[in-house]
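Q: based on what follows, work out the 3D shape:
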Amino acid sequence: MTDADQSAAELRGLLRFAQRLGLDEETVREIYETVGEQAAEAGVGDDDRMAEVRKRTLAAARGARSKKPRRR
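A: Residues are numbered from 1 along each chain as shown. Just a heads-up that it's a prediction; the model follows:
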């Protein structure tokens with residue numbers, strides 16, 4: 001699998017995961033790209049990079065939920 005194929009597969013999986021959490025595609029892409037750049041600069045491996053992406057995606061979902069008005 002090429003790097004481009006791996007990246008596309010990772011992003012597709014993240015988008016499905018994030019959709020279930022109520023996050024939009026733009027937010028997920030931003031998280032994925034930001035973490036990818038930071039990981040490359042720091043020499044972080046794929047497993048740790050993806051763990052950080054998932055952690056930030058979950059944090060973004062929690063933040064998005066807390067901003068929505070609650071139903072009564």
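Q: which stretches of the protein form helices?
A: Secondary structure of the chain (DSSP state H): helices located at 3-21, 25-42, 46-67.
Q: could these be laid out in a markdown table, adding mean neighbour count?
A: C-beta here means a position set from N, CA and C on the backbone, and glycine is covered the same way. Below are the helices of the chain laid out as a markdown table (neighbours: other C-beta atoms under 10 Å):
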| stretch | mean neighbour count |
| --- | --- |
| helix 3-21 | 13 |
| helix 25-42 | 14 |
| helix 46-67 | 14 |
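Q: can you list these in TSV and add mean pLDDT?
A: Formatted as TSV, the helices of the chain follow (pLDDT from 0 to 100):
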stretch	mean pLDDT
helix 3-21	90
helix 25-42	95
helix 46-67	91
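Q: distance of Ala40 from Leu58?
A: According to C-beta to C-beta, to the nearest Å, Ala40 and Leu58 sit 22 Å apart.
Q: one more: Arg49?
A: Distance from Arg49 to Leu58, by C-beta to C-beta: 15 Å.
Q: now Asp47
A: 17 Å.
Q: now do Ala39
A: Counting by C-beta to C-beta, the gap from Ala39 to Leu58 is 18 Å.
Q: please apply the same query to Phe17.
A: Between Phe17 and Leu58 the distance is 9 Å, computed by C-beta to C-beta.
Q: Glu52 too?
A: Distance of Glu52 to Leu58, computed by C-beta to C-beta: 11 Å.
Q: over to Val44?
A: 18 Å.
Q: quick one, phi psi at Asp24?
A: phi -90, psi 160 (degrees, to the nearest 10).
Q: what's the answer for Gly45, then?
A: The phi and psi values for Gly45, taken as degrees, to the nearest 10, are phi -80, psi 170.
Q: could you report the neighbour count for it?
A: 9 (other C-beta atoms under 10 Å).
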